[in-house]
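**Student:** below are the sequence and a predicted model; questions follow.
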Amino acid sequence: MKEYIAQNRERFFAELFSLLRIPSVSAQPEHKEDMLRCARRVAELLLEAGADRAEVFPTAGHPVVYGRKDVPGAERTVLVYGHYDVQPPEPLELWRTDPFGPVVAPDPATGEEAIYARGANDDKGQIFMHIKAFEYLLRTGRLRHNVKFIFEGEEEIGSASLPAWAEAHRDLLQADVILVSDTTMISDKVPSINCGMRGLAYLEVKVTGPNKDLHSGHYGGAVANPIQVLCEMIAGLLDADGRVTVPGFYDKVVELSAEDRASLARAPFDLEEYKAFLDIADVRGEKGYTTLERTGIRPCLDVCGIWGGYTGAGAKTVLPSEAHAKISMRLVPNQRGKEISDLFAAHFKAIAPACVKVEVKPYEGGDGFLIPISSPAFQAASRAMADVYGIEPVPSRGGGSIAVLADLQRILGIDPLLMGFGLERDTIHSPNESFLLRQFFAGMESIALFYGYFR
């Protein structure tokens, strides 16, 4: 496929950039029309690549793009999943380029060429690799399997609409594997394939004290400050060993055997390099586990945002009426997102002092999953990536969440295969998101080879 990429390189950039220019930010209502526009563009690219069918289906939220190509006599069917929605680009002032003005530019640290834009990696760049690998196989007469595509517009906000759509369209989605590129490799030195991901429970909490903002001189020291109370409550959610204190939180967490932990430890990881990349003096997390274990096989709780009171320029001596925080909990298989959300809500209300009122609002959530590394699909992916990278990939456990994959696994009765090509340096969800060209093209090659090895 190297020759095909070289011949079509500029066309590939033009087509991908047409997607990256669309601000398909699913979390922001003002981009509703952009979501539809992006879905239609994805469908156009599928048809141009050779799909027999590509349609935009409405849902209760943002649209789903469905496409397919049927191959006479095919023995296998591959269902490709991805998403065309992206994270909000803010803070805009930290971007070196326009987040929706894609460019190919050198990495400031290494000089390697990369695509810079919101969605360059997550996930427009990675779904585009699948469309082009499919195009190559079809146009060169190498496609031996049926291929179906399902690209949603709500992954970044919890995929609320996709499970119901999938339930209603099971007949369209029957396949032998769900092929996904929406993850990162552990390292660019040794490739890896995720054999599982964590689930997610995400909530917003509100702590209310007095019924209005008060003068901090007249009332300070006599009335509870909701910000201070909220901080005290949050501080109590983790103990000195980094364990979550919510009762029942660990009840269904399965401890990995020494053998399984040793297997996962085969993945290359340089702690000093990790700290240097993040510009931190040390790591922190649950006692008794390595950094990779903390992000792969253990659950955790983090505060993703906190606000209240006056934050503008200058001074305003106010004792605020309210304080807010957004809290995420990453979950491991057997933990259930809804159950953990309920446990958290009950605990958070129970630890609140009488001087404040507490509200807990659940947002997105979902379950984690594991897949067997002995499956034909995993073995095919391993062979393909070994051919491209010159070294056998190692199995890994992803710390992030694609909660809807557990839903699709349950609804369709087939396993997902996480064949991602991002790297940590790509800073997805952050300013200056990018995708190294060598990873972008290696992804296309690996995906094309996967189809040849999948039997």
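**Tutor:** Looks like it came in fine.

**Student:** neighbours around the nearest residue to Leu214 once chain neighbours are set aside, how many?
**Tutor:** Nearest residue to Leu214, sequence neighbours excluded (Cβ to Cβ, 6 or more residues apart in numbering): Leu319, at 4.3 Å. To be clear about C-beta, it is placed using only N, CA and C from the backbone, and glycine gets the same treatment. Neighbour count for Leu319, taken as other Cβ atoms under 10 Å: 24.

**Student:** again, but for the one 4 residues further on
**Tutor:** Per other Cβ under 10 Å, the neighbour tally for Ala323 reads 24.

**Student:** helix, strand or coil: sort out Gly221 for me.
**Tutor:** Remark: Gly221 carries the secondary structure label coil [criterion: DSSP: H, G, I helix; E, B strand; the rest coil].

**Student:** from what I can see the residue nearest to Leu214 touches Gly217, true?
**Tutor:** No. Taking contact to mean Cβ atoms under 8 Å, the distance of 9.1 Å between Leu319 and Gly217 leaves them out of contact.

**Student:** list the contacts for the residue nearest to Leu214?
**Tutor:** Neighbouring residues of Leu319 by Cβ atoms under 8 Å, 6 or more residues apart in numbering: Gly209, Pro210, Asp213, Leu214, His215, Ser216, Tyr219, Gly220, Val223, Asn225, Gly309.

**Student:** run the last query once more with 10 Å
**Tutor:** Residues near Leu319 by Cβ atoms under 10 Å, 6 or more residues apart in numbering: 209-210, 212-228, 309.

**Student:** try Pro63
**Tutor:** When contacts are counted by Cβ under 10 Å, 6+ apart, Pro63 touches 35-36, 38-40, 42-43, 55-57, 84, 151-154, 161, 165.

**Student:** buried among the residues you listed? Make that a ChimeraX selection.
**Tutor:** Here is the ChimeraX command that picks out the buried ones among those, judged by 16 or more other Cβ atoms under 10 Å:
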select :35,36,38,39,42,43,55,56,57,84,151,152,153,154,161,165
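
**Student:** go through the contacts of Pro63 and flag which are in strands.
**Tutor:** Secondary structure assignment by DSSP state E places Glu55, Val56, Phe57, Phe151, Glu152 of the contacts of Pro63 in strands.

**Student:** now pLDDT and distance to Ile22 too, for those residues, in CSV please.
**Tutor:** Putting the ones in strands among the contacts of Pro63 into CSV (pLDDT from 0 to 100; distance: Cβ to Cβ, whole Å) gives the following:
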residue, pLDDT, distance to Ile22
Glu55, 98, 18
Val56, 98, 14
Phe57, 98, 18
Phe151, 98, 13
Glu152, 98, 15
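
**Student:** follow-up on the earlier one: and the contacts of Leu319, which of them are buried?
**Tutor:** By the neighbour-count criterion of 16+ other Cβ under 10 Å, the contacts of Leu319 include these buried positions: Gly209, Pro210, Asp213, Leu214, Ser216, Tyr219, Ala224, Asn225, Pro226, Ile227, Gln228, Gly309.

**Student:** I figured the third one hits Ala323, correct?
**Tutor:** Same thing as Asp213. No. Because the distance of 11.6 Å does not satisfy Cβ atoms under 10 Å, Asp213 is recorded as not touching Ala323.
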